[in-house]
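Enquirer: can you look at this prediction? I've put the sequence above it.
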Amino acid sequence: VFDDEEESKLSYTEIYQEYQALVERLLEDCLKEVGINEEKFQEAFSSPLAKTHTSQAILQTVLAAEDFRLFKKMMVQKNIEMQLQALRIIKERNGVLPDCLTEGSDVFSEIEQEEMKILREVLRKSKEEYELEQERKRAEE
């Protein structure tokens with residue numbers, strides 16, 4: 001759903017609010033499970049251990065619940081990673097990437113055309129499912 005355009009769409013806000021609620025719920029449950037109150041968690045957040053690269057990567061998902069710009073950046077990055085993963089899968093299946101993805105040519109082999117159709121269909125279905133879920137949630141509200 002997220003793209004790298006500067007202007008944010010209304011759907012981004014809805015997704016962000018769902019993300020905030022999810023992170024809050026998960027964090028509360030986790031803190032209860034390990035027996036840590038919010039103050040102790042805040043202290044741990046500012047400790048030197050929390051400043052390591054690994055810890056920052058983990059904490060970024062929590063921080064994104066409080067910062068829309070960070071959240072959007074994280075989602076755009078995730079989309080890029082998914083696109084790269086799709087390209088790797090295509091390359092693994094064919095042994096090479098289609099010319100149109102490497103040299104700018106629009107010539108596809110029959111297999112490449114079929115794979116692109118499958119990829120487009122998967123993306124279309126994913127978008128449809130997301131939209132249906134959003135409609136269902138609005139209807140429930």
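Expert: Everything's here; your move. Residues are numbered from 1 along each chain as shown.

Enquirer: phi, psi of Lys9?
Expert: phi -90, psi 160 (degrees, to the nearest 10).

Enquirer: and it, how far from Ile15?
Expert: From Lys9 over to Ile15 the distance is 9 Å, taken as CB to CB, to the nearest Å. All C-beta spots, glycine's among them, are computed from the backbone N, C-alpha and C.

Enquirer: compare the two and say which is more crowded by neighbours.
Expert: For the pair Lys9 and Ile15, the greater number of neighbours falls to Ile15 (18 against 12), based on other CB atoms under 10 Å.

Enquirer: any idea of the mean pLDDT in the host helix or strand of that one?
Expert: Per DSSP states H and E, Ile15 falls inside helix 10-34. Taken as a whole, helix 10-34 has a mean pLDDT of 91.

Enquirer: got a list of contacts for it?
Expert: Contact with helix 10-34 is made by 1-2, 37-38, 41, 61-62, 64-66, 68, 71-72, 75, 134, as judged by CB atoms under 8 Å, 6 or more residues apart in numbering.

Enquirer: ok now that helix, how far from the chain's centre?
Expert: Chain-centre distance of helix 10-34: 14 Å, with CA atoms, centre = their mean, to the nearest Å.
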